[in-house]
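J.: Model the following, please.
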Amino acid sequence: MSDQINDISAVFKAFESLKVLIVGDVMIDSYVYGAVHRISPEAPVPVVNVDKREKRLGGAANVALNIQALGATPILCAVVGDDEEGIQVGKLLKKRGITDKGILRSKERITTVKNRIISGSQQMLRVDSEHDYPLTKNETDSILPLIKQLVQEVDLVIFEDYDKGCLTDKVIKETIQFCLEKEVPTAVDPKKRNFLEYVGCTLFKPNLKELKEGMKIDLADKDSFSKAVSTLNDLLNFDKALITLSEKGVYLYNKSGKEIQIPAHLRNIADVSGAGDTVISIAGLCLALGLSDGFLADLSNLGGGIVCESIGVVPIDKARLMKEAKENVIFGLRD
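T.: A predicted model of the protein is given here:
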């Protein structure tokens, strides 16, 4: 498909033709906003007078929002609780115009909710409700046929792992094997628990902290870093890895040994939350279009930086990304 794409505008137009399955941990980000004027007489804690409450899609659902913002069609597949919050996930998806046909509600777990209490710009407290143990046999037996059904209608599968239990070794291995059989590329945003389970994936995208934890090593210099990624390739047999390096940009390594490092753009960083979701979304779409490794890394690096200028978790602004890409991306569309 990349041969039919001859400029950056055409890339963003081509995104609109893609359908993406996102498999992973879905959650609700709940916010309570208010003002603090006094300390409680019951305990030495602030009293927050509530002004506003808000619930947003979080976790793997934020990747779906980024995919949608880039013009592609997301399908989200996850197990949530058979509870009010699980119903709320479906309502929030429908409100965004995203199908909930991949969402399974289970009586064997609760829906993950992160409750944040905020006064002014200060987060006072976070209270999490979750079951983070792996899917049960019943849940696994329900989600795997659904994943395989949905894989057959998409151009890309993204694994979005938050270590909340939806992605187990069985789900990962069977999904990757099925994608290989159907020639559907896979992109992985890993966490520690399943870090070395994604054997045979197309694109592996940890951040530097996840790489250190997943490989159980300390990366003292560039040589040790390159060696670690090469060793990781031996273990996972991926086509390429994209490592996000925070303020140092991104690093790409492919199975032929090619290395690309792209520095971060100078920005006014407000919040890094959700940047990884944006990076995997952009990288995945470029992967599905068969674009060059350099362009994939360059555009993903650019998008990850853009969302860091906003407070809170927000999907990428497609128009701004396209504008900055025309000004800053230096790698060509084809190797």
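J.: what ranges do the helices span in the stretch 51-200 of the chain?
T.: 60-69, 84-95, 137-151, 169-182 (DSSP state H, counting those that start in this stretch).
J.: do you know which of those helices lies nearest residue 34?
T.: Proximity to residue 34 (Cβ to Cβ) singles out helix 84-95 among the helices of the stretch 51-200 of the chain, at 21.2 Å. Just so you know, the C-beta spots here come from the backbone N, C-alpha and C atoms, and that holds for glycine as well.
J.: Packing partners of that closest one?
T.: strand 26-39, strand 46-59, helix 60-69, strand 73-81, strand 103-106 (3 or more Cβ pairs under 8 Å, 6 or more residues apart in numbering; DSSP states H and E).
J.: Residue 91: which of those is closest?
T.: Proximity to residue 91 (Cβ to Cβ) singles out strand 46-59 among the helices and strands packed on helix 84-95, at 9.2 Å.
J.: Can you show me the CA trace of the closest one as CSV?
T.: Coordinates of each C-alpha in strand 46-59 appear next as CSV, following Å, rounded to 0.1, in the frame of the first residue of the first chain:
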residue,chain,number,x,y,z
PRO,A,46,-8.8,18.5,53.4
VAL,A,47,-12.5,18.7,52.8
VAL,A,48,-13.3,19.0,49.0
ASN,A,49,-16.5,20.7,48.1
VAL,A,50,-17.5,19.1,44.8
ASP,A,51,-18.1,21.3,41.7
LYS,A,52,-18.1,18.7,38.9
ARG,A,53,-17.8,15.0,38.2
GLU,A,54,-16.5,13.5,35.0
LYS,A,55,-15.9,10.0,33.6
ARG,A,56,-13.7,9.3,30.7
LEU,A,57,-12.5,6.2,28.8
GLY,A,58,-9.1,5.1,29.9
GLY,A,59,-6.5,2.4,29.5
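J.: Pull out the buried residues from it.
T.: 46, 48, 55, 56, 57, 58, 59 (16 or more other Cβ atoms under 10 Å).
J.: Equivalent analysis for stretch 87-96, please.
T.: Neighbour counts using 16+ other Cβ under 10 Å place 88, 89, 90, 92, 93 of stretch 87-96 among the buried residues.
J.: residues touching the closest residue to residue 49 other than its chain neighbours, list them.
T.: Nearest in space to residue 49, with sequence neighbours left out and distances taken as Cβ to Cβ, 6 or more residues apart in numbering, is residue 34 at 4.9 Å. Counting by Cβ atoms under 8 Å, 6 or more residues apart in numbering, residue 34 touches 48, 49, 50, 51, 52, 117, 118, 119.
J.: which residues does residue 34 bridge with?
T.: With DSSP bridges as the criterion, residue 34 is bridged to residue 50, residue 119.
J.: quick check: mean pLDDT across the helix or strand harbouring residue 229?
T.: Applying DSSP states H and E as the criterion places residue 229 in helix 222-236. Helix 222-236 carries an average pLDDT of 86.
J.: correct me, but residue 329 touches residue 8?
T.: Yes - the pair residue 329 and residue 8 passes the contact test of Cβ atoms under 8 Å, sitting 6.8 Å apart.
J.: List of residues touching the helix holding residue 229?
T.: 196, 198-201, 204, 211, 214-215, 217-219, 238, 241, 243, 251, 253, 255, 257, 259.
J.: what's downstream of that helix, the next helix or strand?
T.: Downstream of helix 222-236, the first helix or strand assigned by DSSP H and E is strand 240-244.
J.: what's downstream of that following strand, the next helix or strand?
T.: Tracing the chain past strand 240-244, the next element assigned as helix or strand by DSSP H and E is strand 250-254.
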